[in-house]
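Chemist: Provide a 3D model corresponding to the input given below.
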Amino acid sequence: TVSGYVQSDRGDPVAGARVCAVAAVGDATQPPTCTTSEASGAYALDLTDYKPITIAASAAGYALAHAHAGQAISARDASRADADIVLRGEGAKIDGRVVDALSRPVGDARVRVFHAVGALQSAVETRSDAQGKFELWAAPGGVTVSIEAPGHVSLRRWVVAPSRRVAWQLTPASSISGPA
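Modeler: Next comes the predicted model:
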């Protein structure tokens, strides 16, 4: 388990921050392990599956920031290291609505914002609500947004944050089966 605190650049605890660990290199389709910070800013993540990992956090009004200065660290080493994260109040909002091919809302879709830190990647994730709406915060500039939902083809786009009220349309997935 890795734990730490999320605080603002003024030293105040940030409650409700989304904190995620993701494989630092490799398969970007591997879902992050995420949690939400408590009122005290405290968070804890079980990271037994990731080596090496990066840990990032975002919250409303703040730019995405990293533990360990954005450096990759093994889950074992991360549990022994300071994993505090300081958020700066210069965030860019990325929000929108996930819809299907008929423009109906897609609830519970995984929405991720990927940020490159040199050759390493970091990500934060949220889920769309029943109306398909979502909101994430990042640093202003280019990021990759990825959206996945059961029964749909995954969508991945590069956008410039802030990116507001975009409808993200997912295509139905299909498969072919038959005798082998």
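Chemist: what's the closest non-adjacent residue to S74?
Modeler: K51 (4.9 Å; Cβ to Cβ, 6 or more residues apart in numbering). In short, each C-beta sits where N, CA and C put it, glycine included.
Chemist: Surely I85 and A63 touch.
Modeler: No: with contacts counted by Cβ atoms under 8 Å, I85 stays clear of A63, the gap being 11.3 Å.
Chemist: Next, the contact list for the nearest residue to T171 once chain neighbours are set aside, please.
Modeler: Nearest non-adjacent residue to T171, counting by Cβ to Cβ, 6+ apart: V153, 4.5 Å away. Contacts of V153 were listed using Cβ atoms under 8 Å, 6 or more residues apart in numbering, and they are 170-173.
Chemist: Looking at neighbours, which among the residues you listed is most surrounded?
Modeler: Neighbour tally across these (other Cβ atoms under 10 Å): the maximum, 20 neighbours, falls on L170.
Chemist: if I pick the residue nearest to that residue when sequence neighbours are not counted, what's in contact with it?
Modeler: Closest residue in space to L170, ignoring its immediate chain neighbours: H152 at 3.8 Å, by Cβ to Cβ, 6+ apart. Listed by Cβ under 8 Å, 6+ apart, the contact partners of H152 are 100, 106, 109, 170-173.
Chemist: how about 7 Å then?
Modeler: By Cβ atoms under 7 Å, 6 or more residues apart in numbering, H152 lies in contact with 100, 106, 170-173.
Chemist: could these go into a markdown table alongside pLDDT?
Modeler: A markdown table is the format used below for those (pLDDT from 0 to 100):
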| residue | pLDDT |
| --- | --- |
| D100 | 94 |
| V106 | 97 |
| L170 | 95 |
| T171 | 92 |
| P172 | 91 |
| A173 | 88 |
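Chemist: ranges for the helices of the chain?
Modeler: 75-78 (DSSP state H).
Chemist: quick revisit: between I85 and A63, which is the more surrounded one?
Modeler: I85 (26 against 20).
Chemist: Please report how far that one lies from S8.
Modeler: 10 Å (Cβ to Cβ, to the nearest Å).
Chemist: Likewise for V106?
Modeler: 33 Å.
Chemist: So between those two, which is more surrounded?
Modeler: Counted by other Cβ under 10 Å, V106 and S8 do not tie: V106 has more neighbours, with 21 against 17.
Chemist: Name the spans of this structure whose pLDDT lies under the cut-off.
Modeler: 26-29, 48-50, 75-81, 117-120 (pLDDT under 70).
Chemist: Which residue would you name as the spatial centre of it?
Modeler: V124 (1.4 Å; Cα atoms, centre = their mean).
Chemist: For it, give me its contacts.
Modeler: With Cβ under 7 Å, 6+ apart, V124 has these contacts: 18, 20, 56-58, 64, 113, 136.
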